[in-house]
Structures are given as structure tokens and as C-alpha cells.
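Visitor: Coordinates for the following, if possible.
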Amino acid sequence: LYMEILTLVMAGLCGMHCYRKFGPYATMLFFVGSFVFTGTMENIMIITGRFDLIPFKSYYFNKGGFILYFDVPLSVCLGWFVLAYSSVYISGVIFPKAGPIALAAIASFICMDIDLWSDPVMTHPANMYWTWLQDRTATTHVFSIPLYNFIGWFGIIFFFEVLWLYTQNWHITMGKKKATIRFFIWLFVLMAAYMVMVIGMELLIRATLPHVNYTIGGI
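Guide: Got it, this is the predicted structure:
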């Protein structure tokens, strides 16, 4: 309940800021798009890993909260929105002359860095918000988290940010209905591309890198 209330408040603040800065249409695209994109990708990774539809086990959430988006807590989906929006806005403030691809890359590095220290905390036995199922001897880990997770964090934020930055003004040139349909078509195309990237990277990691846990102080 605490996590859901906290993320709901943060999501509300980010939504208000986005509304005032970019307008209602861009806010709708960002909130709905990021919620659907990241929440759906979380569900796909969980379910495909559970039923061996991908060549490795993934993870599952231990603490679901009061509201779920299938297998993913609502607070996680809202958290993705908060991180994605705040990171791309901060990137734009720091680098006002950067283009969409550069801004998306900077925002992705920010989010990946946040997960680098937050994921070990959230999966620590004292918290156990979610559980990774990969064996330590099966793939490369960083701070006891599979390496591909951090690559996946970069990819999922990068893909969505690039899409939003390039399409937030489409409704001006082609109308809201056509722009929205085209946006979500591209969103589902990126979902497929993201899955291919994550699976490919994990298989490459397993084939080329030592299956050890790179850690500091036993984390």
C-alpha cells in the first residue's frame, strides 16, 4: 500500500508537469504508451520465462499490491512512467541542444544507473519485492542481478523515448486519430524488437562472458 500510494503521487506530479510542459495530447501518449509498453513487456518476460517460451528463466513479483496489471503490480507500471518521464525531461534540461536520439540515450543511462543500485536492494532477502530465477552459474550477474536486465532497462527506455520524442507532434500534421493509431502500431513493433534484443543479448552473454557474479562487498 505504501509503495502504491507513493508511486501514485509521483506519477500524478509527473503527469501534471508533462501536461503543463507538453500539453494534453503528448501527456496522454507518454502516460498510456509507457504504461502499456513497459507493463506489457514485464508481463511478457514473466510469462514466457515461466512457461519456457524463451531459452531462459526470468523473474516474478513477490509483492503484488492491491491492483495488478496481470502479473505486474500497478506501482511498477506507474514507476516506469515516473522514471521514463523524469529522466527524459532532466536530460533535456541538462542538454537542451541534444537531438531525440541523444536525449533518449542519456535518459536510458540515467534509468539504467538507478536500477543498478535499486534492483539489488529490492531483491535483497530483507525486501524480496521480486525474485530472479536464473542460476548463478547459468549467466553473468552484476550485484547478483542478471546482466541482461540492465541492458534491457536501457533498451526499453531508449525505444520508448525515441518513439515519443519523434511522434508527440504528429497530431498537428496528421490529426489525432491517425497519429494515435500510428503511434501504437509503432509501439507494438518496438515490443517485438525489444524481445528480440533481450533474448539475443542474453544468449550472447551466456556464450561469450564468464558466468560469475561481479559484486562489491558481497552484494
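Visitor: could you pull out the helices for the chain?
Guide: Secondary structure of the chain, counting by DSSP state H: helices at 2-22, 24-50, 74-94, 100-122, 147-167, 170-174, 176-208.
Visitor: Worst mean pLDDT among those?
Guide: Averaged per stretch, pLDDT over the helices of the chain is lowest on helix 170-174, reaching a mean of 89.
Visitor: Enumerate the positions of it that are buried.
Guide: Buried positions in helix 170-174, judged by neighbour count with 16 or more other Cβ atoms under 10 Å: W170, H171. To be clear about C-beta, it is placed using only N, CA and C from the backbone, and glycine gets the same treatment.
Visitor: residues making contact with that helix?
Guide: Y25, K178, A179, T180, R182, F183 (Cβ atoms under 8 Å, 6 or more residues apart in numbering).
Visitor: Pipe the helices of the chain into JSON lines and attach distance to F61 per row.
Guide: Output for those, formatted as JSON lines (distance: least, Cβ to Cβ, whole Å):
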{"stretch": "helix 2-22", "distance to F61": "11"}
{"stretch": "helix 24-50", "distance to F61": "8"}
{"stretch": "helix 74-94", "distance to F61": "7"}
{"stretch": "helix 100-122", "distance to F61": "10"}
{"stretch": "helix 147-167", "distance to F61": "14"}
{"stretch": "helix 170-174", "distance to F61": "34"}
{"stretch": "helix 176-208", "distance to F61": "18"}
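Visitor: For Y214, find the nearest of those helices.
Guide: Among the helices of the chain, helix 147-167 comes nearest to Y214, with 8.2 Å by Cβ to Cβ.
Visitor: what's the offset of that closest one from the middle of its chain?
Guide: 7 Å (Cα atoms, centre = their mean, to the nearest Å).
Visitor: now swap in stretch 83-101 and tell me
Guide: The answer for stretch 83-101 is 16 Å, by Cα atoms, centre = their mean.
Visitor: can you check stretch 72-92 too?
Guide: A distance of 8 Å separates the centroid of the chain from that of stretch 72-92, by Cα atoms, centre = their mean.
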